[in-house]
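A.B. asks: I'll drop the sequence and a predicted model, then ask my questions.
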Amino acid sequence: MFSIDDDTVCDSNNQDLRVESVEVFRDIRRNGKEFDWRGKKIKNRYYAEILKILHFKKANNVHGCADEMSFKMTDDGYLRLHQVWFCKSKLCPLCAWRRSMKFSYQNAEILSEAIKQEPKARFLFLTLTVKNVFDGEELDKTLKEMTKGFARLMKYKKVSKNLIGFLR
């Protein structure tokens, strides 16, 4: 059982149970830093209210995102998220946070494997920019041009010859 409210806990049948005191959940990483579930959930509720005002169908899904979470204790004494329902909205603070953690983990795994395979390889950080775009049609056109330009860059002989891979 888990609740974002301080005095209400829901059981498995979604029955409200009033309790005198609820232990505040704290999720601490192995490095000692605390995950800010509460702050993300507060932002999630704000986002859900905006969706409700704008009459979006997904407002209820976003509002219920990560309402109930269950954790299991690992062998080394840490809690691991076992079961939860996320709304998967790209603008939901909880889902965006989880997605960014997933992508950073995957990128770290990819980079460590690249270092194992090519220990003498060097990394290059490249930033390509364009002027600001102000409307949707122009944005679509600009993104397509940027994608084509990046593909052309990768086809240059000097680039493709010396390239192991890239993250975009």
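C.D. replies: It's in. Numbering: from 1, shown residues only.
A.B. asks: now the helices: where do they sit in this protein?
C.D. replies: 37-53, 59-63, 93-117, 136-155, 157-162 (DSSP state H).
A.B. asks: Tell me how the protein divides into domains.
C.D. replies: 24-116, 122-167 (the TED database).
A.B. asks: Would you point to the one among those that's packed deepest?
C.D. replies: Most buried of these by mean neighbour count (mean count of other CB atoms under 10 Å) is domain 24-116; its value is a mean of 13. C-beta coordinates here come from the backbone N, C-alpha and C atoms, glycine included.
A.B. asks: Now render the domains of the chain as a markdown table, adding mean pLDDT.
C.D. replies: Converted to a markdown table, these look like this (pLDDT from 0 to 100):
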| stretch | mean pLDDT |
| --- | --- |
| domain 24-116 | 90 |
| domain 122-167 | 89 |
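A.B. asks: Let me know the distance separating the residue nearest the centre of the chain from residue 166.
C.D. replies: For the chain, residue 99 is the residue whose C-alpha lies nearest the centre (CA atoms, centre = their mean; 2.4 Å). When distances are taken as CB to CB, to the nearest Å, residue 99 and residue 166 turn out to be 20 Å apart.
A.B. asks: what's the answer for residue 96, then?
C.D. replies: Counting by CB to CB - residue 96 and residue 166 are separated by 23 Å.
A.B. asks: Kindly report the same for residue 36.
C.D. replies: 32 Å.
A.B. asks: ok so, going back, the helices of the chain: which one's closest to residue 30?
C.D. replies: helix 93-117 (13.3 Å; CB to CB).
A.B. asks: Would you check the distance separating the closest one from the middle of the chain?
C.D. replies: 10 Å (CA atoms, centre = their mean, to the nearest Å).
A.B. asks: what angle separates that helix from helix 37-53?
C.D. replies: Between helix 93-117 and helix 37-53, the angle comes out at 120 degrees (axes from the mean of the first three to the mean of the last three CA atoms, to 10 degrees).
A.B. asks: Name the residues that touch helix 93-117?
C.D. replies: Contact with helix 93-117 is made by 37, 40-41, 43-44, 47, 65-66, 86-90, 121, 164-165, 167, as judged by CB atoms under 8 Å, 6 or more residues apart in numbering.
A.B. asks: switch the cut-off to 6 Å
C.D. replies: 40, 43, 44, 65, 66, 86, 88, 89 (CB atoms under 6 Å, 6 or more residues apart in numbering).
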